[in-house]
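Enquirer: I'll drop the sequence and a predicted model, then ask my questions.
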Amino acid sequence: MKNKFNAVIKKDSGWWIGWVEDVPGVNSQGKTRAELLRNLRSALSEALKFNREEARNAAQNDYKEAAILV
């Protein structure tokens, strides 16, 4: 199952720039809209991977996972 995230994007001075609304610090740019979306997807993927690793490391061991639906 893939998650869906929204991005705010705009063209500014010849570049496309964007921010993922739901994950602070995930932003990028690209010369084209398609390049921007690829870059945002990559940045988001890396941020989520990092956050998962950080959470698991903080919990150390003997933890359980729980799904949270909003």
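Expert: Received the coordinates, thanks. Computed from a predicted model, the values in this text were never measured in an experiment.
Enquirer: how about the strands in this protein?
Expert: Ranges of strands within the chain are 7-12, 15-20, 27-30, based on DSSP state E.
Enquirer: Ala58: neighbouring residues, count only.
Expert: Here the count is done by other C-beta atoms under 10 Å, and Ala58 has 8 residues near it. Quick note: C-beta positions are derived from backbone N, CA and C, even for glycine.
Enquirer: for Leu37, same thing?
Expert: 16.
Enquirer: before we move on, what about the one 10 residues further on?
Expert: Ala47: 15 surrounding residues under other C-beta under 10 Å.
Enquirer: and for Ile17?
Expert: 17.
Enquirer: with adjacent residues omitted, what lies nearest to Ile9?
Expert: Ranked by C-beta to C-beta, 6 or more residues apart in numbering and with sequence neighbours excluded, the top spatial neighbour of Ile9 is Gly18, at 3.7 Å.
Enquirer: one step back: how about the strands of the chain in JSON lines, adding mean pLDDT and distance to Ala58?
Expert: Shown next, in JSON lines, are these (pLDDT from 0 to 100; distance: least, C-beta to C-beta, whole Å):
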{"stretch": "strand 7-12", "mean pLDDT": "98", "distance to Ala58": "28"}
{"stretch": "strand 15-20", "mean pLDDT": "98", "distance to Ala58": "23"}
{"stretch": "strand 27-30", "mean pLDDT": "98", "distance to Ala58": "25"}
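Enquirer: between those strands, which gets nearest to Phe50?
Expert: Among the strands of the chain, strand 15-20 comes nearest to Phe50, with 13.8 Å by C-beta to C-beta.
Enquirer: between the strands of the chain, which one is nearest to Glu46?
Expert: Of all these, strand 27-30 comes closest under C-beta to C-beta, at 10.7 Å.
Enquirer: related to what we said a few turns ago, who wins for proximity to Leu44 among the strands of the chain?
Expert: Across the strands of the chain, Leu44 has its closest neighbour in strand 15-20 (5.4 Å, C-beta to C-beta).
Enquirer: related to what we said a few turns ago, among the strands of the chain, which is nearest Ala55?
Expert: That would be, of those and by C-beta to C-beta, strand 15-20, which comes in at 18.3 Å.
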